[in-house]
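Colleague: Give me a 3D structure for the following:
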Amino acid sequence: MLSESSDLLSKSLARLSSGSKLTSPEDDAAGLAVSMHFDAQVNRISAASNNVGNAVSFSQTQDGFLQKVSDALDRMSELAVLAQDGTKTAADDDLYNKEFTKLQSYISDVTNKQFNGVDLFASGTGMAVTTDPESASLTSLSGVDLGSIYTSISGVDVSNTTDAATALTAVKTAITALASARADVGANISMLNSFSDQLGVLKDNLTAANSRIKDVDVAEESTTYARYNILVQAGTAMLAQANTAPQAALKLLS
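Modeller: Model (predicted):
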């Protein structure tokens, strides 16, 4: 009995010190197998959540650049209108055109921007994101073709009234296309955030289910530990008493 109580006390102590009910496979063989599946699934969900988070950062970076391009196009449309003023001289129009050209160059530069080596505006090509950790399915994000928007305004200028009118039409078209692109990016971010919330709920509930299988109930296990500790102490005392019986017999014989 002392040996049995000592073994159970050691097992209870191991559970309390490790925080796990499954300190060895024989504790709950079936539970251990289920827990291993849960652990693997939770890790896959964490990986998918990281992918979704990176995709959100990618899309937010896209929108940040597009917002600056929008500011540039707004200013270009303003310059195109100013250049159509008949009270302005050719020298004035040339000054407007200089700023207009610089803004064109800025937009051209943005079309080549990257995020961790990946093109932000790769000719409108969408990006695939793993949002389901249990399958190979990918969610494709809408791409942004900033290159075509730049092309629509790359060949215009505001050097004179006639050219300024043509430029204004081109810039207005580009603004419309950019507004559509920003709406696509916003939809991407909204969808990704929904997937992120969904993965978070799934992870929380799987973690809770796994905890019920393998995590020790400290209050219950502390009671068990105290019980076996008492039994070990009592067994030790009784063993000492049992050892005195042969000594008494020897005294009688002597």
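
Colleague: Tell me where the model's unsure across the stretch 51-200 of the chain.
Modeller: Applying pLDDT under 70 to the stretch 51-200 of the chain flags the ranges 123-124, 136-137.

Colleague: now the helices: where do they sit in it?
Modeller: Along the stretch 51-200 of the chain, counting by DSSP state H, counting those that start in this stretch, helices occupy 90-110, 146-154, 161-214.

Colleague: Leu138: what's it in contact with?
Modeller: 128-131 (CB atoms under 8 Å, 6 or more residues apart in numbering). Just so you know, the C-beta spots here come from the backbone N, C-alpha and C atoms, and that holds for glycine as well.

Colleague: most tightly surrounded among the helices of the stretch 51-200 of the chain?
Modeller: helix 146-154 (a mean of 19; mean count of other CB atoms under 10 Å).

Colleague: I'd like to know how far the residue lying closest to Ala181 once chain neighbours are set aside sits from Tyr150.
Modeller: Leaving aside its sequence neighbours, Ala181 sits nearest to Val144 (CB to CB, 6 or more residues apart in numbering; 4.7 Å). As judged by CB to CB, to the nearest Å, Val144 and Tyr150 stand 12 Å apart.

Colleague: Also Leu22?
Modeller: In terms of CB to CB, Leu22 sits 60 Å off from Tyr150.

Colleague: List the contacts of the closest residue to Ala48 other than its chain neighbours.
Modeller: Nearest residue to Ala48 in three dimensions, chain neighbours excluded: Pro133, at 4.2 Å (CB to CB, 6+ apart). By CB under 8 Å, 6+ apart, Pro133 lies in contact with 41, 44-45, 47-48, 199.
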